[in-house]
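A.B. asks: Show me how the following folds:
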Amino acid sequence: MSKRTRLAKAPYRSNGSLMDWVGTVEPHEWRDNKPFPAMLILQGTERGMSAARFVWHSDKGHVYKMFMTDMVSLVQNATNLYKGTADTWWVVQKRGKNYGIRLADNDDLKHAGHVAGPKADCPACEGVAYGYESWCPLPPTADQPHQARHNMAIVGRCICGERFGHPIHRSCTCAPEDRTACSADNCPG
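C.D. replies: Purely as a prediction, here's the structure:
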């Protein structure tokens with residue numbers, strides 16, 4: 001997963017599409033960069049002068065570009081992917097002079113004011129029309145420390161994508177023979 005974006009505002013065209021870069025000719029509108037829910041349809045790929053991107057569009061015809069590197073996180077972590085569509089929460093980020101969308105992670109959602117639990121109790125979900133969801137997108141476990149869980153597709157990796165020895169897992173370092181007496185919460189013994 002990527003880190004929370006620090007981008008405060010993002011450029012949009014007058015038709016509502018995200019601009020992939022800001023030039024001097026085309027008029028643009030700067031909007032607050034908050035996570036937003038949308039079901040996007042994968043249209044294809046394109047190659048620009050400095051980046052290769054996936055092109056997504058909404059049912060309203062808005063176009064959003066995504067950097068190739070962010071597609072891996074989307075495929076590994078999004079839960080609502082179906083036949084070329086992704087129904088999830090998105091956030092805009094900037095790489096170099098280019099803008100693109102990516103899957104909003106827990107840090108993005110927390111920073112935007114989301115509170116885990118029913119959507120009615122979440123101030124950031126107020127007024128958001130997101131079809132069938134009745135819960136805030138921030139999972140109830142978002143404030144708990146990361147727990148290593150096996151990735152069934154890749155041996156020796158957690159579902160977060162990192163090795164089990166990575167510091168994010170805060171692995172217990174006790175010797176195997178000492179594990180029965182170890183009191184660490186994350187000890188595998």
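A.B. asks: Only C-alpha atoms from now on, for both contacts and neighbour counts.
C.D. replies: Will do.
A.B. asks: Which residue ranges of this structure form helices?
C.D. replies: For the chain, the helices defined by DSSP state H cover 68-77, 106-111.
A.B. asks: can you tell me which of these the model trusts least?
C.D. replies: Mean pLDDT across these is lowest at helix 106-111; the value there is a mean of 82.
A.B. asks: Check which residues of it are buried.
C.D. replies: 106, 107, 108, 109, 110 (16 or more other CA atoms under 10 Å).
A.B. asks: Distance to residue 51 added to those residues, as TSV?
C.D. replies: Shown next, in TSV, are the buried residues of helix 106-111 (distance: CA to CA, whole Å):
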residue	distance to residue 51
106	27
107	26
108	24
109	27
110	30
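A.B. asks: what ranges of the chain fall below the confidence cut-off?
C.D. replies: Within the chain, the stretches with pLDDT under 70 are 1-5, 116-121, 127-189.
A.B. asks: Could you list the domains of it?
C.D. replies: 9-105, 145-189 (automatic domain parsing).
A.B. asks: picking up where we left off before, which one of the helices of the chain lies nearest to residue 36?
C.D. replies: With CA to CA as the measure, helix 106-111 is the member of these nearest residue 36 (9.5 Å).
A.B. asks: In space, what's closest to residue 67 - neighbours in sequence excluded?
C.D. replies: residue 53 (4.6 Å; CA to CA, 6 or more residues apart in numbering).
A.B. asks: Now for that neighbour: which residues touch it?
C.D. replies: The neighbours of residue 53, taking CA atoms under 8 Å, 6 or more residues apart in numbering as the test, are 45, 46, 47, 65, 66, 67, 68.
A.B. asks: dump the residue contacts of the nearest residue to residue 42 once chain neighbours are set aside.
C.D. replies: Closest residue to residue 42 apart from its sequence neighbours, by CA to CA, 6+ apart: residue 56 at 4.5 Å. Residue 56 sits next to 40, 41, 42, 43, 44, 63, 64, 65, 66 when contact means CA under 8 Å, 6+ apart.
A.B. asks: What is the linear distance spanned by stretch 9-18 between its boundary residues?
C.D. replies: With CA to CA, to the nearest Å as the measure, stretch 9-18 spans 11 Å from end to end.
A.B. asks: Same question for stretch 45-55.
C.D. replies: First residue to last in stretch 45-55 (CA to CA) measures 6 Å.
A.B. asks: Ok, stretch 101-108 next?
C.D. replies: Stretch 101-108: ends 13 Å apart by CA to CA.
A.B. asks: just to revisit the earlier point, and which of the buried residues of helix 106-111 is nearest residue 99?
C.D. replies: Once CA to CA is applied, the member of the buried residues of helix 106-111 that ends up nearest residue 99 is residue 108, at 16.5 Å.
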